[in-house]
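In: predicted structure and sequence below. I'll ask about it afterward.
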Amino acid sequence: MSKRPNIVITGLACETSTFSPARTLAAAFHPRRGDEVIDKYSFIHPGTRLGESATWHGALIGHALPGGIVSRESFEELTNEIIDRLKQLKSSIVIDGLWFDIHGAMCVEGLDDAESDLLHRIRKVIGPGVIVSASMDLHGNVSQELAHQTDLITCYRMAPHEDAMETKERACQDLVDILTTSNGPPVRPLKARVAIPILLPGEQTSTRMEPAKGLYGLIPDVIKTPGVLDASIWVGYAWADEPRNHAVVVVTGWDKEPVIQGAHKLANYFWDQRQAFKFVAPTGSLSECIDSALKSTSRPYFISDSGDNPTAGGAGDVTWSLYRVLTRPEFQDSTDPKVIYASIPGPEAIDIILQTDINAVVTVTVGAEVDNLHHGPIQMTGRIHSIRHGDRDAVVEAVLEVGSVFVIITKLRKPYHHEYDFTQLNLDPREADVVIVKIGYLEPELFDMAADWMLALTPGGVDQDLPRLGHRRIHRPMWPYDREFAEPPDLTPFLVPFSNQSL
């Protein structure tokens, strides 16, 4: 292809728990359209190497905060707009390539494989000749059908996901290379896929530690093999109950033997190491974690309230842990030990707080409007420490000092991953004794800040006790739900042909 290829960008991303009563609606995706899409990705801006090697066209992308299942109406609304925009683009340009920017764990009412369904509809518009490159989260799911419909498919290689933008850029670079290195029609690469009967939470597969560190450390050797273009490992998403939820390896390239051998190497290492996957930090009940924090001299001491982690799909408003924190006798005094709790939604509480002043004492009720399966709303009385407007997720935030606990209340749920999330609220987590955050493994800034930490095994839509959740529809046997296998799983790589039969 001698001319600059036309590449369209689209995709919907939301990591969704089917064990949460929450529902995700269209507005939560904060859709970007047209040039807004291009603006999001600096690596394709004019003047950059990728920006100058292709002509980029934004259709629609939507990236929602992880949460509950996406309503079918919302999915159809966003999908229909994507299709309409693709039809408009196709009427004015020849579409050569499409970058499918997704997460891979979006669950939609009435669908078992939402990303594949979306791409199927997209393919009906753009046709089978367009080269599609997908970038994903390693906690996404690669069904056989999704692999069939894509030409290139890759995912993050780090958890926490410090390489997210690097992965997206790689997906685009590989797409451009395929579209521009042939004088004739682009040549589709080969893909070898292996489904692995393992389903683990991200908190047991962080690449900060073994064996995930070693598993993902094999990728550079595989991709430097002549004839191999990319190698990717998906851990899968543990908090959804769909047949596609399990680990997957996909190796892409031009030569059959090294592609198959690479997939075989990664899949077998993953399976052989299955018993070595452990939690990324010491674990315990919430009570045990608080006891350990109070006994420790390490400050700040972080505790992950993992069962309601909003960045894994939790509703974010489970009050089970906050109730137990506020009733601890050690935290009844207004001075020590200083505890920060992040966070709990309370829209009505925010309305009351906004009618008063800083330092005023108010009584408010918060939480359990969405997920009340574990504990109901709780009432608390405290001093207003700070108020902040304009957050993208929370909209309005306030801090209520209850005893020695500084409780962050939000209008809408929000994850707290950065130091500025706290300092903007006039809170200094480095000076706190204990910081309790609704999170799983600590994100990089929190990890660097923590003098010590524990993972609390708390209830919620992303409960770390996976068997307790009650999966019914995943394929069995599945490690660690099943500890004994009648015979070893078949890890033979399957060479995935491109499928356009239903277009």
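Out: Arrived safely. Numbers count the residues shown, from 1 in each chain.
In: use CA for all of it now, contacts and neighbours both
Out: Will do.
In: so where do the helices sit in the stretch 101-250 of the chain?
Out: Ranges of helices within the stretch 101-250 of the chain are 114-126, 144-149, 164-180, 212-217, 219-223, based on DSSP state H, counting those that start in this stretch.
In: let me have those in a markdown table, extended by distance to residue 86 and mean neighbour count.
Out: Formatted as a markdown table, the helices of the stretch 101-250 of the chain follow (distance: least, CA to CA, whole Å; neighbours: other CA atoms under 10 Å):
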| stretch | distance to residue 86 | mean neighbour count |
| --- | --- | --- |
| helix 114-126 | 7 | 19 |
| helix 144-149 | 17 | 20 |
| helix 164-180 | 18 | 20 |
| helix 212-217 | 36 | 18 |
| helix 219-223 | 33 | 17 |
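In: so can I have CSV of these showing mean pLDDT?
Out: Output for the helices of the stretch 101-250 of the chain, formatted as CSV (pLDDT from 0 to 100):
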stretch, mean pLDDT
helix 114-126, 98
helix 144-149, 97
helix 164-180, 97
helix 212-217, 98
helix 219-223, 98
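In: quick one: which of those helices is nearest residue 317?
Out: Comparing those against residue 317 with CA to CA, the closest turns out to be helix 114-126 (25.9 Å).
In: which ones are touching residue 260?
Out: Neighbouring residues of residue 260 by CA atoms under 8 Å, 6 or more residues apart in numbering: 192, 251, 493, 495.
In: and which of the residues you listed is nearest residue 404?
Out: The nearest member of those to residue 404, counting by CA to CA, is residue 251 at 52.6 Å.
In: how deep is the closest one tucked in, by neighbour count?
Out: Neighbourhood size, residue 251 [other CA atoms under 10 Å]: 31.
In: thinking it is in contact with residue 262, fair?
Out: Yes. Counting by CA atoms under 8 Å, residue 262 is a contact partner of residue 251 at 6.6 Å.
In: now list whatever residues contact both of these two.
Out: With CA under 8 Å, 6+ apart, residue 251 and residue 262 have common neighbours residue 231.
In: nearest to residue 40 among the contacts of residue 260?
Out: Distance to residue 40 across those (CA to CA) is lowest for residue 251, with 28.2 Å.
In: list the residues that contact that closest one.
Out: Residue 251 neighbours (CA under 8 Å, 6+ apart): 191-193, 228-232, 259-260, 262-263.
In: same thing but at 10 Å, please
Out: Residue 251 sits next to 152-154, 190-194, 219, 222-223, 228-233, 258-264, 266, 493, 495 when contact means CA atoms under 10 Å, 6 or more residues apart in numbering.
In: pLDDT wise, what is it at?
Out: Per-residue pLDDT puts residue 251 at 98.
In: and it, bridged to which residues?
Out: residue 192, residue 231 (DSSP bridges).
In: separation between residue 484 and residue 477?
Out: As for residue 484, its distance to residue 477 is 8 Å (criterion: CA to CA, to the nearest Å).
In: can I see the domain layout of this structure?
Out: According to automatic domain parsing, the chain comprises the domains 1-188, 190-279+469-497, 283-463.
In: coming back round to it: now the contacts of residue 260 in TSV, with distance to residue 348?
Out: Shown next, in TSV, are the contacts of residue 260 (distance: CA to CA, whole Å):
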residue	distance to residue 348
192	52
251	50
493	54
495	55
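In: top of those by number of neighbours, please.
Out: Among those, residue 251 has the most neighbours (other CA under 10 Å), with 31 neighbours.
In: sort out which residues of the lowest-mean-pLDDT helix or strand in the chain are buried, please.
Out: Every helix and strand of the chain was ranked by mean pLDDT, DSSP states H and E. The lowest is helix 466-469, at a mean of 88. Within helix 466-469, the residues scored as buried using 16 or more other CA atoms under 10 Å are 466, 469.
In: do the same with stretch 8-20
Out: Buried positions in stretch 8-20, judged by neighbour count with 16+ other CA under 10 Å: 8-20.
In: next one: stretch 258-265 to chain centre, how far?
Out: Here stretch 258-265 is found 27 Å from its chain centre; the criterion is CA atoms, centre = their mean, to the nearest Å.
In: now it: average pLDDT?
Out: 98.
In: now that stretch - C-alpha only, CSV.
Out: Once non-C-alpha atoms are left out, stretch 258-265 reads as follows in CSV (Å, rounded to 0.1, in the frame of the first residue of the first chain):
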residue,chain,number,x,y,z
PRO,A,258,7.6,-20.5,15.9
VAL,A,259,4.1,-19.0,16.5
ILE,A,260,2.8,-22.4,17.7
GLN,A,261,5.9,-23.1,19.7
GLY,A,262,5.7,-19.8,21.4
ALA,A,263,2.1,-20.3,22.4
HIS,A,264,2.9,-23.8,23.6
LYS,A,265,5.7,-22.5,25.8
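In: any weak-confidence spans in the stretch 51-200 of the chain?
Out: Flagging of the stretch 51-200 of the chain using pLDDT under 70 yields an empty set of residue ranges.
In: no no, the stretch 301-450 of the chain
Out: In the stretch 301-450 of the chain (pLDDT under 70), no residue qualifies.
In: helices of that one, residue ranges please.
Out: Secondary structure of the stretch 301-450 of the chain (DSSP H, counting those that start in this stretch): helices at 320-326, 347-354, 419-423, 444-449.
In: now, among the contacts of residue 260, which is nearest to residue 436?
Out: The closest of the contacts of residue 260 to residue 436 turns out to be residue 251 (CA to CA; 39.7 Å).
In: returning to that earlier point: residue 136: which of the helices of the stretch 101-250 of the chain is closest?
Out: helix 164-180 (8.0 Å).
In: as CSV, the helices of the stretch 101-250 of the chain with distance to residue 100 would be great.
Out: Formatted as CSV, the helices of the stretch 101-250 of the chain follow (distance: least, CA to CA, whole Å):
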stretch, distance to residue 100
helix 114-126, 8
helix 144-149, 11
helix 164-180, 9
helix 212-217, 23
helix 219-223, 22
